[in-house]
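*Asks:* take this sequence and fold it.
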Amino acid sequence: MQNLLFAARPLANDVLSTLVFALLVALKIDLRVAVGLSVAVGAGQIALALHRRRPVAALQWMSLGLVMVFGAASLVTDDIRFVMIKPSIIYLVIGATMLQRGWMLRYVPPVAVGRVDDVMTAFGYVWATLMFATAAANLVVAYAFTPHWPAFVAVVPMGSKLVLFAIQFRTVGAVARRRIRGAQAACPAAT
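*Replies:* Numbering: from 1, shown residues only. Modelled structure (predicted):
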């Protein structure tokens, strides 16, 4: 659980302004207030990181920029959906990044290195697919089911990631154990 929280923290940090916006929309707060507070949260996060002399991730800068641009578009057009598409853009960028072959290999524990590389590489592509599917689903909900978007963004993206994480954790662990036992059976003197 600690590893999951460690991995989820940067993503939650990067999309915090979107989550604040979703909460305010769900609470039926005025659009101007929701956009203003979301921008303030994003800018505050970056200001705090800079004050602490910590690097600000490119995704966090992009997230703030998107809140500002789409927030302004929402205010000018009086259409809340402009801000609602921001998560789709973030998921598309993350998904495209995840298409890099072997990006998950750095998460393999030392005992499994070289034993589950193929499985981890395959799961890297599964994660990219999940990001693209989440981006598409977010667009559909934002445009076709706008009143339900706050509930969707609060539950579905994180829920789907938790489910995939659990599937991957179990699958990779089982494959690693099986392959380690197989290697030990094939060469008992080496173990």
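*Asks:* ok, residue 148 - contacts?
*Replies:* For residue 148, the contacting residues are residue 141, by Cβ atoms under 8 Å, 6 or more residues apart in numbering. Heads up, the C-betas are built off the backbone N, CA and C, glycines and all.
*Asks:* sorry, slip of the keys, the one I care about is residue 92.
*Replies:* Counted by Cβ under 8 Å, 6+ apart, residue 92 has contacts 131-132, 135.
*Asks:* what's the pLDDT at it?
*Replies:* For residue 92, the model assigns a pLDDT of 91.
*Asks:* where's it, which helix or strand?
*Replies:* In the assignment (DSSP states H and E), residue 92 maps to helix 86-98.
*Asks:* buried residues, the helix or strand just after that helix. List them.
*Replies:* Downstream of helix 86-98, the first helix or strand assigned by DSSP H and E is helix 117-144. Buried residues in helix 117-144, counted by 16 or more other Cβ atoms under 10 Å: 119-120, 123-124, 127-128, 130-132, 134-135, 137-139, 141-142.
*Asks:* quick check: closest non-adjacent residue to residue 61.
*Replies:* The shortest distance from residue 61 to any residue other than its chain neighbours is 7.1 Å, reached at residue 46 (Cβ to Cβ, 6 or more residues apart in numbering).
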